[in-house]
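[1] whatever this is, show me its structure:
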Amino acid sequence: MSVTLFAENHFSLLVTGVGTFQISGDEDEIGDEERNGLINFNATAIMFPYLRAFITTLTSNLGDVTSPIILPTRFFKGDLEVVSSLD
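    This next block holds a predicted model:
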């Protein structure tokens, strides 16, 4: 999951979060479509508040560079890149 922020003449910020999630159950019980839904929606819902809080804290501590940046709670949309899969 990546979040990019750009404040003209001040800074550019790219934050990348990496999470490890394990889905238990037989492959027969959980199909590929359901597994991808869990990864792309549930995993991001779990990870995003941490990235959001980090960005708010970081920009709050920048002093006069910018006012605190508070991302909307439902900012992320899209697919996550699967880095590795344990079979």
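
[2] separation between G17 and P68?
    As judged by C-beta to C-beta, to the nearest Å, G17 and P68 stand 19 Å apart. C-beta coordinates here come from the backbone N, C-alpha and C atoms, glycine included.

[3] so A53: helix, strand or coil?
    When classified by DSSP: H, G, I helix; E, B strand; the rest coil, A53 comes out as helix.

[4] so what pLDDT did the nearest residue to I70 once chain neighbours are set aside get?
    In space, and not counting its chain neighbours, I70 is closest to T56: 5.2 Å by C-beta to C-beta, 6 or more residues apart in numbering. For T56, the model assigns a pLDDT of 91.

[5] didn't T56 look like it was pressed against P72?
    No - applying C-beta atoms under 8 Å as the test, T56 and P72 come out as separate, 11.7 Å apart.

[6] ok, the two, which is more surrounded?
    Neighbour comparison, T56 and P72: the larger count goes to T56, with 14 against 7 (by other C-beta atoms under 10 Å).
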